[in-house]
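K.L.:
sequence and predicted model, in that order:
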Amino acid sequence: MSIVDRIDVFTQNSIRIRGKDKTIYIDPFQMKEAPHDADIVMVTHDHYDHFSPDDIEKVAGDNTVFVYPAAMEKKASKTPVKFSKLFAVEPGNSYELDGLEFETVPAYNTLKPFHPKSAGWVGYILKMEDKRIYIAGDTDATKEAKEVKCDIALIPIGGTYTMDPSKAADFINTIAPEVAIPTHYGNAVGKPGDADEFAKQVNTPVEVVKKIVF
């Protein structure tokens, strides 16, 4: 089973990646179950649909590490979970955490006011099983995002707060990963059919894999 097969997208940007030795959640939100199996929980920014303490509690286990932007330090310290470690990150850096190598990419809007660059929010590039997995977070096609080198890209397509399907497809055609997985649509913003519109505009040989189930 490939690493792509072990990536789940639930609601919005709620993602689970089951690696060979680590289970990682990014922005858990509206989780229907409480598996308590997270080795690492990573949050991209502090909006309610990305930083949900109740959902973090559902996935966190006895030895979960919490990774978050340093800019949301106060909020991160108020989660009800007793994490084994709190790990603050800054945009544009590289890190190693318990055997996981990852990078942070600034995540922000270029013209919209919802995600200012000054907020210090991030996307993540995880290095897992010889693949670079980019979880973009809530972002537009910024200068930094266009410079990302990755094999698998999980990117928002819902519009309003992020890229819409057309802009997201243009972005994917620029960075040209092996696989593109659309996120952040069909719930608060965007329609379930946005993924089909996105896929139509993505150039081959990029494979679009739809993970959200409605």
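P.N.:
Thanks, I have the structure now.

K.L.:
show the average pLDDT along the lengthiest helix in the chain.
P.N.:
Secondary structure assigned by DSSP state H gives helix 165-175 as the longest helix of the chain. For helix 165-175, the per-residue pLDDT values average out at 98.

K.L.:
any low-confidence regions in this protein?
P.N.:
Segments of the chain classed as low confidence (criterion: pLDDT under 70) are not present in this model.

K.L.:
let's see 80
P.N.:
78, 111, 188-189 (pLDDT under 80).

K.L.:
rewinding a little: which elements pack onto the longest helix of the chain?
P.N.:
In terms of contact count using 3 or more Cβ pairs under 8 Å, 6 or more residues apart in numbering; DSSP states H and E, helix 165-175 is assigned the packing partners helix 143-146, strand 152-156, strand 179-183, helix 194-201. (Glycine included, C-beta is placed from N, CA and C.)

K.L.:
would you mind giving those as TSV with mean neighbour count and distance to residue 58 added?
P.N.:
Compiled in TSV, those are given as follows (neighbours: other Cβ atoms under 10 Å; distance: least, Cβ to Cβ, whole Å):
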stretch	mean neighbour count	distance to residue 58
helix 143-146	15	30
strand 152-156	27	20
strand 179-183	26	19
helix 194-201	18	26
